[in-house]
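**Student:** Sequence and predicted structure below; questions after.
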Amino acid sequence: MPPDWKHLQNETAAAQLSFLDTELKTGMTFARLALKASNAGKVSRNRENARKAYDTIKAYLGDLPAETPELEEIREKLKTLRQMIESLEK
């Protein structure tokens, strides 16, 4: 019995979106922690972790086969994360 390739593609895309969403939430958490921290070391560490999450998302974003509403939502939230990181780098 041949595998259902379309089903496998859909499952793979769903797993990729889930990964990106989780990475985005993690990055935003680090950015928020950095924005609220008063200790320079904590600000720096959390900013760097937020940047790593952002860079990871950017690296994997192009691997998705097609635009979806979920992907568009991730792109919008990624803009917010970028703005948060930029505010921490000033």
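**Tutor:** On my side now, so go ahead.
**Student:** When you work out contacts or count neighbours from here on, use the C-alpha atoms and nothing else.
**Tutor:** OK.
**Student:** quick one: low-confidence parts of this protein?
**Tutor:** 1-2 (pLDDT under 70).
**Student:** Spatially central residue in it, please.
**Tutor:** Nearest to the mean C-alpha position of the chain, by CA atoms, centre = their mean, lies residue 24 at 2.8 Å.
**Student:** which ones are touching that residue?
**Tutor:** 53, 54, 57, 74, 77, 78, 81 (CA atoms under 8 Å, 6 or more residues apart in numbering).
**Student:** let's see it at 7 Å
**Tutor:** Remark: with contacts taken as CA atoms under 7 Å, 6 or more residues apart in numbering, residue 24 is in contact with 53, 78.
**Student:** before we move on, which element is it in?
**Tutor:** Using DSSP states H and E, the secondary-structure element containing residue 24 is helix 5-36.
**Student:** residues of the next helix or strand after that helix that come out buried?
**Tutor:** With elements assigned by DSSP H and E, the helix or strand that comes after helix 5-36 is helix 40-61. For helix 40-61, the buried set under the neighbour-count rule, 16 or more other CA atoms under 10 Å, comprises 42, 43, 46, 47, 48, 49, 50, 51, 53, 54, 57, 61.
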